Every structure is written in structure tokens, then in C-alpha cells.
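Engineer: build the 3D model from these lines:
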Amino acid sequence: MALNRDELLDLYRMMVKIRTFEERVGEMYYEDKLPAFDIAAGPIPGEMHLYSGQEAVAAGVCAHLRPDDPVTSTHRPHGHLIAKGEDLKPLMAEIFGKKTGLCEGKGGHMHLFDPNLHFGCGGIVGGGIPHAVGAALAIKKRGEDRVAVSFFGEGAANIGAFHESLNLAAVLHLPVVFVVEDNLYAISVPKSVSTAVRSNAERGAAYGIPGVQVDGQDVIAVYEAAQEAVGRARRGEGPSIIEAVCYRYRGHFEGDAEGYLKPGEKESWKEKDPIHILGAQLQGQGWLSEDEVAEIQGEMTALVGEAERFARESPYPAPEEALEGVFA
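Structural biologist: The predicted model follows:
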């Protein structure tokens with residue numbers, strides 16, 4: 001089914017929103033950390049894993065999800081959460097470690113939770129995969145038409161929890177979609193030397209699960225694959241795997257020297273930028289003008305700016321609150 005102008009513009013706007021947020025976080029992250037990289041300094045202390053370049057995957061999948069559909073994410077979670085519909089202000093405040101953040105400043109950027117959006121993530125590689133299966137089991141037992149989605153990288157597809165989760169999801173015929181974001185590297189290890197199969201989508205066949213590999217730079221391809229997979233799950237037809245081949249424009253983490261990249265590799269991938277691809281298609285159809293491109297970018301820059309001001313002006317949690325709201 002061909003997407004109409006409004007649907008395509010919604011995808012375009014979401015990708016621009018994610019990219020604008022991530023690039024601004026990347027700029028703020030280095031405040032007071034240089035020239036000698038001090039990971040504890042600045043308004044955003046600690047590690048940072050950004051999503052720039054992979055926007056088509058989050059936008060294309062989450063376009064089919066409702067607020068009550070559970071989503072589990074990774075250590076690179078901002079794009080998924082924004083695409084799920086999160087307000088940028090509490091998200092930014094949590095990244096800053098502020099009291100007004102999603103977890104009152106106690107989670108940071110790798111531990112973002114929003115019960116209203118049924119979203120959670122964590123820093124353990126592949127840790128969210130079995131959680132999504134558990135959510136799908138609860139959905140099935142309740143007789144609901146919700147769908148659980150787990151985002152994870154291609155490196156996580158080599159851990160035991162991935163295979164155990166696929167097996168259980170298949171045995172119980174659960175409404176869950178496994179989305180593998182193949183950005184070519186597990187930290188610095190290329191997929192070619194770590195994974196025995198060409199595509200992780202092929203692994204579904206061992207469990208009787210349909211799988212498809214798509215161009216993760218093409219938001220329409222992702223959208224169509226997700227439409228089929230989410231639709232199957234919502235109709236009670238069981239789990240699916242989508243592997244989206246994409247590329248992160250920044251290092252595995254901020255401060256990554258990226259010595260493992262081939263010369264010119266990043267530049268060649270940027271020629272296949274998902275935002276530019278869709279923007280060109282829209283302009284070619286006469287559905288997006290240069291003025292509208294600037295208008296959308298300005299709108300997203302303003303939204304991110306408002307979130308930044310909110311985060312900077314918000315208070316830190318009091319020291320005596322350190323043990324509140326945590327597991328004892």
C-alpha cells in the first residue's frame with residue numbers, strides 16, 4: 001500500500017526530530033569535557049550513545065505502534081523513545097540527571113522508562129529481548145491486541161537470550177516483533193567476523209518465525225516491513241524478525257576514536273542518509289518545498305531548544321532522595 005503525503009511527511013518530521021535532538025545532545029555532551037576528555041565533567045556526565053543515522057528504523061517501526069504497545073530498547077535508546085511519542089522535556093532532563101526527568105534523574109540516558117508509553121531500556125546488551133517476550137506473554141494471556149517490540153543491535157543477536165527468546169516466542173505463538181538494528185559494528189567488531197549467517201533474519205527459520213532483512217536507510221522499506229510484522233502480531237499470528245541494515249554516524253560511544261572504520265566509510269554511508277533520501281522523494285513528488293524543509297528544521301530546533309532550557313533550569317534531586325524509588 002502506497003503511503004500518502006501526510007504519512008510520508010510524518011515519517012520525515014520524526015526523523016528530523018530525532019536527528020536534531022541527538023546532534024544537540026552530542027554538542028552539549030562535550031561542554032567542559034575537553035581538551036583532556038573528562039567523562040564526569042559538564043552538564044551531561046557519564047557515557048553517551050547517540051542514534052544519528054539510524055532514524056529510519058525507529059520512525060518506520062514506531063509509526064505502527066500505539067502508546068500501550070510495550071517497547072524495549074538498548075543503550076542507544078533516544079530515537080526509539082522519541083519515535084514512540086515521548087515529550088522531549090522530561091527526556092532531556094533525565095539525560096541531564098535532573099529531578100524533572102523521566103526517572104527523576106536517577107536513570108540517565110541508558111535507563112529511560114515511561115510507564116505511560118510502556119517503554120523501557122537498559123545498558124545490558126540484549127537485556128530487553130526476553131523482557132519483550134514476557135510482555136507479549138502477558139498480552140496473550142489477557143486476550144489483548146497489543147504488540148511488544150524489542151529493538152537491539154546485531155551483536156546482541158549472538159547471545160543466548162536472543163535464541164531463548166525466539167524459541168519461547170515461537171513455541172507460545174506470542175505477539176512480539178524482534179527488530180535487529182544492524183549498524184555493522186558491535187562496538188568495534190564487524191558483523192562479518194562475529195556472525196555466521198548473512199542476515200539475522202535468516203535465524204528465524206530455525207524457530208519457524210518469518211524474517212526479513214530491509215534497507216534501514218530507507219524509511220519506507222522499514223515502514224512496510226514493520227506494517228506486515230506488527231499486523232501479524234496484532235492479529236494473533238505470532239512473532240517476526242526484521243533486520244534493518246543501517247549505519248551510525250557517530251562512534252559506538254562519544255569519545256570513540258573509531259580506529260576500526262575504513263577510510264571514507266562514514267562519508268559513503270552519509271550519501272545514503274535516510275532523511276535526505278525521503279526528503280528528495282517528497283520534493284520529487286512536489287510534496288515538500290525547500291521552504292518547508294527549513295520550516296520543519298526550525299520547528300524541531302525550537303522543540304529541542306525548549307527541552308534544553310527546561311533541563312538546564314530544572315533542579316537536581318536532593319542527596320537524601322538517593323535511595324528513594326530504587327530496589328533495596
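Engineer: the nearest residue to residue 127 once chain neighbours are set aside: neighbouring residues, count only.
Structural biologist: Take residue 127 and drop its neighbours on the chain: the residue closest to it by Cβ to Cβ, 6 or more residues apart in numbering is residue 161, 7.5 Å away. All C-beta atoms are positioned from the backbone trio N, CA, C, and that covers glycine. Neighbourhood size, residue 161 [other Cβ atoms under 10 Å]: 18.
Engineer: tell me the pLDDT at residue 161?
Structural biologist: pLDDT, residue 161: 96.
Engineer: and it, that's in a helix?
Structural biologist: Yes - assessed with DSSP: H, G, I helix; E, B strand; the rest coil, residue 161 lies in a helix.
Engineer: what separation is there between it and residue 303?
Structural biologist: Residue 161 sits at a distance of 36 Å from residue 303 (criterion: Cβ to Cβ, to the nearest Å).
Engineer: tell me where the stretch 101-250 of the chain has helices.
Structural biologist: 128-142, 160-172, 219-234 (DSSP state H, counting those that start in this stretch).
Engineer: closest to residue 6 out of these?
Structural biologist: helix 219-234 (13.5 Å; Cβ to Cβ).
Engineer: and the closest one, how far from the chain's centre?
Structural biologist: 16 Å (Cα atoms, centre = their mean, to the nearest Å).
Engineer: contact partners of it?
Structural biologist: Residues outside helix 219-234 that contact it (Cβ atoms under 8 Å, 6 or more residues apart in numbering) are 1, 3, 8, 11-12, 15, 55-57, 59-61, 63-65, 136, 145-149, 175-177, 179, 210, 212, 214-216, 238-240, 242, 244, 274, 277-278, 281.
Engineer: restricted to strands, list those residues.
Structural biologist: Per DSSP state E, strands hold the following members of these: 148, 149, 176, 177, 179, 212, 214, 215, 240, 242, 244.
Engineer: can I get the residues you listed in a markdown table with distance to residue 251 and pLDDT?
Structural biologist: Below are those laid out as a markdown table (distance: Cβ to Cβ, whole Å; pLDDT from 0 to 100):
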| residue | distance to residue 251 | pLDDT |
| --- | --- | --- |
| 148 | 30 | 98 |
| 149 | 26 | 98 |
| 176 | 31 | 98 |
| 177 | 28 | 98 |
| 179 | 22 | 98 |
| 212 | 29 | 98 |
| 214 | 25 | 98 |
| 215 | 23 | 98 |
| 240 | 31 | 98 |
| 242 | 25 | 98 |
| 244 | 20 | 98 |
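Engineer: can you turn the buried part of the residues you listed into a PyMOL selection?
Structural biologist: Of those, the buried ones go into a single PyMOL selection, burial set by 16 or more other Cβ atoms under 10 Å:
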select buried, resi 148+149+176+177+179+212+214+215+240+242+244
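Engineer: of the ones in strands among the contacts of helix 219-234, which pair is most distant in space?
Structural biologist: Top of the distance list for those (Cβ to Cβ): 148 and 215, 24.5 Å.
Engineer: can you list the low-confidence ranges for the chain?
Structural biologist: 1, 328 (pLDDT under 70).
Engineer: find the centremost residue of it, please.
Structural biologist: With the centre of the chain defined as its mean C-alpha position, the nearest residue by Cα atoms, centre = their mean is residue 80, 3.2 Å away.
Engineer: could you find the closest non-adjacent residue to that residue?
Structural biologist: Nearest one to residue 80, counting by Cβ to Cβ, 6+ apart, is residue 73 at 4.4 Å.
Engineer: distance check, the one you found against residue 202.
Structural biologist: 24 Å.
Engineer: looking at the two, which is more packed in?
Structural biologist: Using other Cβ under 10 Å as the criterion, residue 73 and residue 202 rank with residue 73 on top: 26 against 15.
Engineer: how near is the more buried one to residue 4?
Structural biologist: Applying Cβ to Cβ to residue 73 and residue 4 gives a distance of 29 Å.
Engineer: how close does residue 46 sit to residue 8?
Structural biologist: 37 Å.
Engineer: before we move on, back to that, redo the helices of the stretch 101-250 of the chain as JSON lines? Include distance to residue 312.
Structural biologist: Shown next, in JSON lines, are the helices of the stretch 101-250 of the chain (distance: least, Cβ to Cβ, whole Å):
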{"stretch": "helix 128-142", "distance to residue 312": "30"}
{"stretch": "helix 160-172", "distance to residue 312": "38"}
{"stretch": "helix 219-234", "distance to residue 312": "32"}
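Engineer: among the ones you listed, which comes closest to residue 37?
Structural biologist: Smallest distance to residue 37 across the helices of the stretch 101-250 of the chain (Cβ to Cβ): 29.0 Å, for helix 128-142.
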